[in-house]
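> here's a sequence, model it:
(2 chains)
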2 protein chains.
Amino acid sequence: MSYIPSLELLAQLDGGSARALARLMSRAEAGTAEARPALAEVYRRAGAAHVIGLTGVPGSGKSTLVAKLAAALRARGERVGIVAIDPSSPYSGGAILGDRIRMAELANDPGVFIRSMATRGATGGMARAALDAVDLLDVAGYRTIILETVGVGQDEVEVAHASDTTVVVSAPGLGDEIQAIKAGVLEIADIHVVSKCDRDDANRTLTDLRQMLTLGTMVGPRRAWAVPVVGVSSYTGQGVDDLLARIAAHRAAMTDSELGRERRRRVAEFRLHKTAETLLLERFAAGAKGLAPALADTLARRASDPYAAARQLIAQTIRKEYTGDLA
Amino acid sequence: MSYIPSLELLAQLDGGSARALARLMSRAEAGTAEARPALAEVYRRAGAAHVIGLTGVPGSGKSTLVAKLAAALRARGERVGIVAIDPSSPYSGGAILGDRIRMAELANDPGVFIRSMATRGATGGMARAALDAVDLLDVAGYRTIILETVGVGQDEVEVAHASDTTVVVSAPGLGDEIQAIKAGVLEIADIHVVSKCDRDDANRTLTDLRQMLTLGTMVGPRRAWAVPVVGVSSYTGQGVDDLLARIAAHRAAMTDSELGRERRRRVAEFRLHKTAETLLLERFAAGAKGLAPALADTLARRASDPYAAARQLIAQTIRKEYTGDLA
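Numbering: from 1, shown residues only, chains lettered A, B, ... in the order given. Now for the predicted structure:
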């Protein structure tokens, strides 16, 4: 099979090809340089979809909720795109497998497109890749896109916040709230969800969250939006429609408002930084390749130190790579 | 309490202060710029210690083995430094807690210095910070230093390999070998350990590893060193002395040999790259701060794309930050 140029895949995507969509996503995830002009074009055309960032600590019932939300949106005739950031860590092997099985019910529906991405790529460009994937779904006509991440680690939390509406899922039970607070997850919520509300101890979690919001311990870009706390049971279906209504209300509050413009500007700045880091480190690594061995020799003999040698490597590499750009 | 300059702490470290050691380690972990001249000096003076990188998948019994090795070395009168890279992920909460309790027996021994570091720092400079911590222990007179990492994720594996002798721990039981192979962990071993050799199924794991080595599926920088497979039981103590003998033999093979020089050169190059990445991204972020908002505005309106905007940001930032350096 010959290599199909990305711009050609983009034309196929415009023709409705799900296969072209999947292939462009793979190239976005791999960070393939050839795909960048196509992804740049995709970005300029995207922006019509509503992107829901959904996150929570492991065991909070995120993926089950995503499946329920997607099913409810499908029942209304909407096409739904899902980008799920999987930690490739063996720690989570069991949980992730279960999630995938729950997702499988949706996977056969042509109105749902599900993409799992690994968190640990070669270049650490996970945020850039995930947001490129969201744009691809947007241009492919998916009007609601759910970007699901595990609420562990700064990168994952930031990606969930690089959305139009951020939903943070907490489960009842000891320790979850504390873990979420530690990871800085609670502060980013536009909407809080307490999952597993069929359980007896869910009321406690709902009350805790509402109290925390009342006490104003959480500040953020929400002055013009009162953060609601919604109880949901994926088991009984309770609260799913309420959550969708809250998401729609937040979307409305973000449309043609200063709140919305500020949010989109912040997301754009995050994306700019992540893309710049990827491009900078990529070109730096390429340029440093021929220069590093000599410096490493000196370093191995302890005749230099890592900081001095690194500064030399940076200066030499920038002179080599960027002098033309600066002229 | 007033801030004690890092070079002053270094003088206190030379006087034997464990407290100065701990404080310098905190600054190395935080990436404090003020500490860099001191850490540079430390690097130039380090190199006397033998650094053992020890890694394995979660549940392989790494930390228990580290405690056993440290106790055996202490019984011989050696001072032992331990740098353990903890994933801060809640996934591993339980296991890590157990490890820390096992470590606590050693922690009261003044001849043992234990430092736990988080993997998820603000800048991703985990490798740089861990290796700076190792140098500090070296200069503080610890002649054997164990650098323990979880064998999950490229960074953690690379750090364990940035040592004089890399020990990879596998536990008997289904799936472990496969996980280790997937993570690229097995290939970096100078010595393989099969832990929990009091268990019935340990022989199977020993045989599997030996077969894999015989089949030559693993190639690497070990032409002049035959990688042994050592069975160990931290429960009965079986194999711990054998493992220490193998580590000593590897150390001897690395002394005044082309193998050793090549290894030290490779570690130095790894360290150079990691330090350069830290310094490059730090200065880039500082320089980009004032330039990003205007580009982000254009991006938020989709009048640009992330790749074009990132290239502009990089060119502008480098012109601003580095033009003087290049003149």
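
> all helices of chain A, in order?
According to DSSP state H, chain A carries its helices in the segments A:6-14, A:18-30, A:36-45, A:62-75, A:93-107, A:126-139, A:154-161, A:176-182, A:202-214, A:240-254, A:258-288, A:292-300, A:306-326.

> elements contacting the third one?
For helix A:36-45, the packing partners by 3 or more CB pairs under 8 Å, 6 or more residues apart in numbering or on different chains; DSSP states H and E come out as helix A:6-14, helix A:18-30, helix A:126-139, helix B:306-326. Every residue, glycine included, has its C-beta placed from N, CA and C.

> JSON lines for those helices, including distance to residue B:67 and mean neighbour count?
JSON lines is the format used below for those (distance: least, CB to CB, whole Å; neighbours: other CB atoms under 10 Å in any protein chain shown):
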{"stretch": "helix A:6-14", "distance to residue B:67": "52", "mean neighbour count": "17"}
{"stretch": "helix A:18-30", "distance to residue B:67": "40", "mean neighbour count": "19"}
{"stretch": "helix A:126-139", "distance to residue B:67": "35", "mean neighbour count": "26"}
{"stretch": "helix B:306-326", "distance to residue B:67": "46", "mean neighbour count": "18"}
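
> show me what contacts residue A:308?
By CB atoms under 8 Å, 6 or more residues apart in numbering or on different chains, the residues touching residue A:308 are residue B:40.

> what's the answer for residue A:42, then?
Counting by CB under 8 Å, 6+ apart, residue A:42 makes contact with A:10, A:24, A:132, A:135, A:136, A:138, A:139.

> and the closest residue to the third one other than its chain neighbours, what pLDDT?
Of all residues not flanking residue A:132 in the chain, residue A:28 sits nearest, at 3.9 Å (CB to CB, 6 or more residues apart in numbering or on different chains). Model confidence at residue A:28, given as pLDDT, is 93.

> next: residue A:156.
For residue A:156, the model assigns a pLDDT of 79.

> with the one 4 residues further on instead?
Among the per-residue scores, residue A:160 shows a pLDDT of 89.

> how deep is it tucked in, by neighbour count?
Burial of residue A:160, expressed as a neighbour count using other CB atoms under 10 Å in any protein chain shown, amounts to 27.

> show me the contacts for it.
For residue A:160, the set of contacting residues under the criterion of CB under 8 Å, 6+ apart consists of A:53, A:54, A:55, A:147, A:148, A:149, A:151, A:166, A:168, A:188.

> look up how far residue A:55 lies from the nearest residue to the last one once chain neighbours are set aside.
Okay, so that is residue A:188. Setting aside the residues directly before and after it, residue A:188 is nearest to residue A:161 in space (CB to CB, 6+ apart), at 4.4 Å. Distance, residue A:161 to residue A:55, by CB to CB, to the nearest Å: 8 Å.

> nearest residue to residue A:296 other than its sequence neighbours?
Setting aside the residues directly before and after it, residue A:296 is nearest to residue B:269 in space (CB to CB, 6+ apart), at 3.7 Å.

> now do residue A:40
residue B:305 (3.7 Å).

> shouldn't that neighbour be in contact with residue A:45?
No: between residue B:305 and residue A:45 there is no contact, the gap being 9.8 Å when judged by CB atoms under 8 Å.

> who's more crowded, those two?
The residue with the greater number of neighbours, taking residue B:305 and residue A:45 and applying other CB under 10 Å, is residue B:305; the counts read 23 against 14.

> show me what contacts the closest residue to residue A:109 other than its chain neighbours?
Nearest residue to residue A:109, sequence neighbours excluded (CB to CB, 6+ apart): residue A:74, at 6.3 Å. Shown here is residue A:74, whose contacts under the criterion CB under 8 Å, 6+ apart are A:80, A:106, A:109, A:111, A:112.

> which of those residues has the largest number of neighbours?
Neighbour counts for these (other CB under 10 Å) peak at residue A:80, which has 25 neighbours.

> which residues sit in contact with that residue?
Under the criterion of CB under 8 Å, 6+ apart, the neighbours of residue A:80 are A:69, A:70, A:73, A:74, A:111, A:112, A:113, A:142, A:144, A:145, A:146.

> give the contact list for the residue nearest to residue A:296.
Contacts were defined as CB under 8 Å, 6+ apart; by that measure residue B:269 touches A:292, A:293, A:296, A:299.

> swap the cut-off to 10 Å and go again
A:288, A:292, A:293, A:295, A:296, A:297, A:299, A:300, A:309, B:162 (CB atoms under 10 Å, 6 or more residues apart in numbering or on different chains).

> likewise residue A:314?
With contact set as CB under 10 Å, 6+ apart, residue A:314 has these partners: A:284, A:287, A:288, A:291, B:275, B:276, B:277, B:279, B:280, B:283, B:322, B:325.

> pLDDT score for the residue nearest to residue A:296?
Model confidence at residue B:269 (pLDDT) stands at 96.

> and if you look at residue A:127?
Listed pLDDT for residue A:127 reads 88.

> wait, it sits on residue A:155?
Yes: under the criterion of CB atoms under 10 Å, residue A:127 lies in contact with residue A:155, with a separation of 6.2 Å.

> which residues are common contacts for those two?
Between them, residue A:127 and residue A:155 share these contacting residues under CB under 10 Å, 6+ apart: A:85, A:149, A:274.
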